[in-house]
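Undergrad: Sequence and predicted structure are below.
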Amino acid sequence: MWFNHHQTEAKVEDNEQNRKMCFCPKCPSFPKSCSGEVLYCARGKSACEINAKGCICPGCPVYLANKLTKLYYCDKEKVGAAGYFMRKRKSGEDQEFYNKVVAIKDAGETGSVSVASMGSQKKMPFSFNDLHFIPAQVSKIPLNKEEAVKVGVIIGPAAAKPLKLNSPIIISGMSFGATSKNVKLAISQAAAELGIGFNSGEGGILEEDYRAKNYLIGQYATGRFGVDENVLKKVAAIEIRFGQGAYPGKGSFLPASKMTAEIAKARGLKGGEPANSPAHHHDMTTPEQIAEKVAWLKTLTNGVPIGAKIGCGRIEEDIKILVKAGVDFIAVDGFGGGTGATDVYVRENVGLPLIAALPRAARTLRELKAGKKVSLIAGGGLRSAPDFAKCLALGADAVYIGTAALIAINCEQYRICHTGLCPTGVTTHDPELMKQLDVEAGARKLANFIKLCTEEIASLTRIMGKNDVNLLGSDDLAALNKDLAALTGVSWLDGKKY
């Protein structure tokens, strides 16, 4: 065995001779609580905390024989995208601080932007866990479990052909390329079985997606990959994507390493080249052009709902323009929303959390008297039925889930989607790795998750004393924090609104 501690240094063999010559147990920094450890330069870091009290590595025969140059191998590991060899994080050391040190090392080592997957894990001041439902008991009467609750929703009720769904839970746009073909097949199969909405994402539409075409939302993104008039005429709704939560205001990116011939064909590109979407639509840079595009899409599709997706930012200004343009639905995607690949500095520093933006979006629609005509879809980091129900109570007509759907299918959050090495078959196109995701099993697990969450939303609706998920409102919620109460427009623990 050996530990490849740095690409410029020799590989140290873990053998009996080297173990006998090793000076590690003699070092003043040797962790006594981990006695028995030896030859860190070959075996890797210690399992114990290292207190630096001096390093005798340069005098060790193994060190000299292998022409090593570093110190404190007992405390070092590969970190960051560049695999830089540096000290491990100390117990109690702030993770955010350590991550910034690693980011600087990455930048210095590679001179390029760090790319990562999934949504930000930055802790926000508030979360949906800080909102609680207020139960009906006496002044309002809760419903029994056998009493039916309407869980169906309509997206774009003012459209000539509204999108009717059997659940308020919709699978958000995840492209073929960012995710594997098996994922796309599992999603469309579950959607067809349950009658739930699902979004194509920007990577084109697979022929198999059309088996659930009555629930298919085609995404019209800035790159227009795999999108033409024939495709647009086949979907049940169209979403113009202006941005999303993981990188609002910035174009998307699919690495060349994930661009197979099949994906390139679906996107109308050449194999082996990366796909970079522009930051904005080239033909929608003014409110007038947006209105023209919406009108053109409505005519082209004979009246299916035409909507827009935005990352949470200038909520009021953006929604006013979109409503005036005549959209039938608006999807707001909050900070923390997932992605297959984006720049870390963007993911961690741009956009607003959904819990702050959603109430503003709902209020703006009410002020414009558009709340009953323009549907509102909420997304970005949502994971559970209570979170989904809270979004409905804050004014959403439906919710988007992406990462939660992938987890239900098979994802285990390795968070290496951009590498193409996903060991669960979710975000890889490697034939061997894709075998880890069985389509039938993935579709079954996703369907089970959606059905259970829909039932839990219905149960919470009964607890509120209501028989329709569309009737959930802000009066059904209370905030555990006074500032959050003011932010969301719900009551605080004293029963008052601030």
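TA: In hand now; what should we look at? Treat the numbers as computed from the prediction; the structure is a model and nothing was measured.

Undergrad: Low-confidence ranges, this structure, go.
TA: Within the chain, the stretches with pLDDT under 70 are 1-10.

Undergrad: report the longest helix in it, please.
TA: Longest helix in the chain, counting residues (DSSP state H): helix 439-463.

Undergrad: Please point out which parts of that one sit buried.
TA: By neighbour count with 16 or more other C-beta atoms under 10 Å, helix 439-463 contains the buried residues 439, 442-447, 449-451, 453-454, 457-458, 460-463. Every residue, glycine included, has its C-beta placed from N, CA and C.

Undergrad: just stretch 311-318 next, same as before
TA: 311-313, 315, 318.

Undergrad: Counting only helices, which of the residues you listed make the cut?
TA: Within these, residues falling in helices by DSSP H are 315, 318.

Undergrad: Let's have the buried residues of stretch 311-318 in JSON lines, adding distance to residue 176.
TA: JSON lines is the format used below for the buried residues of stretch 311-318 (distance: C-beta to C-beta, whole Å):
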{"residue": "311", "distance to residue 176": "22"}
{"residue": "312", "distance to residue 176": "26"}
{"residue": "313", "distance to residue 176": "27"}
{"residue": "315", "distance to residue 176": "30"}
{"residue": "318", "distance to residue 176": "28"}
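
Undergrad: Looking at the buried residues of stretch 311-318, which is nearest residue 340?
TA: Nearest to residue 340, judged by C-beta to C-beta, of the buried residues of stretch 311-318 is residue 311 at 15.7 Å.

Undergrad: For the spatially most central residue of the chain, which non-adjacent residue is closest in space?
TA: Note on the chain: the residue nearest the mean C-alpha position is residue 338, at 1.4 Å, using C-alpha atoms, centre = their mean. With C-beta to C-beta, 6 or more residues apart in numbering as the criterion, residue 338 has its nearest non-adjacent residue at 4.1 Å, and that residue is residue 403.

Undergrad: I'd like the distance between the one you found and residue 413.
TA: Separation of residue 403 from residue 413 (C-beta to C-beta, to the nearest Å) stands at 8 Å.

Undergrad: what about these two, which has more around it?
TA: Neighbour comparison, residue 403 and residue 413: the larger count goes to residue 403, with 21 against 13 (by other C-beta atoms under 10 Å).

Undergrad: Hmm, that one is touching residue 120, no?
TA: No. Contact criterion C-beta atoms under 8 Å: residue 403 and residue 120 do not qualify, at 11.7 Å.

Undergrad: what's the neighbour count on the closest residue to residue 427 other than its chain neighbours?
TA: Counting by C-beta to C-beta, 6+ apart, residue 417 is the residue found nearest to residue 427 once chain neighbours are left out, at 3.8 Å. Residue 417 has 25 neighbours, counted by other C-beta under 10 Å.

Undergrad: Repeat that for the one 10 residues further on.
TA: The number of residues packed around residue 427, counting by other C-beta under 10 Å, is 29.

Undergrad: for residue 20, same thing?
TA: Residue 20 has 11 nearby residues by other C-beta under 10 Å.

Undergrad: likewise the one 10 residues further on?
TA: Other residues within reach of residue 30, judged by other C-beta under 10 Å, total 21.

Undergrad: Which strands or helices does the helix or strand harbouring residue 77 pack on?
TA: With secondary structure defined by DSSP states H and E, residue 77 is part of strand 76-79. In terms of contacts (3 or more C-beta pairs under 8 Å, 6 or more residues apart in numbering; DSSP states H and E), strand 76-79 is packed against strand 84-87.

Undergrad: List the contacts of the strand it packs on.
TA: With contacts defined as C-beta atoms under 8 Å, 6 or more residues apart in numbering, strand 84-87 is touched by 5-6, 50, 70, 72, 75-79, 101-102, 105-106, 109.
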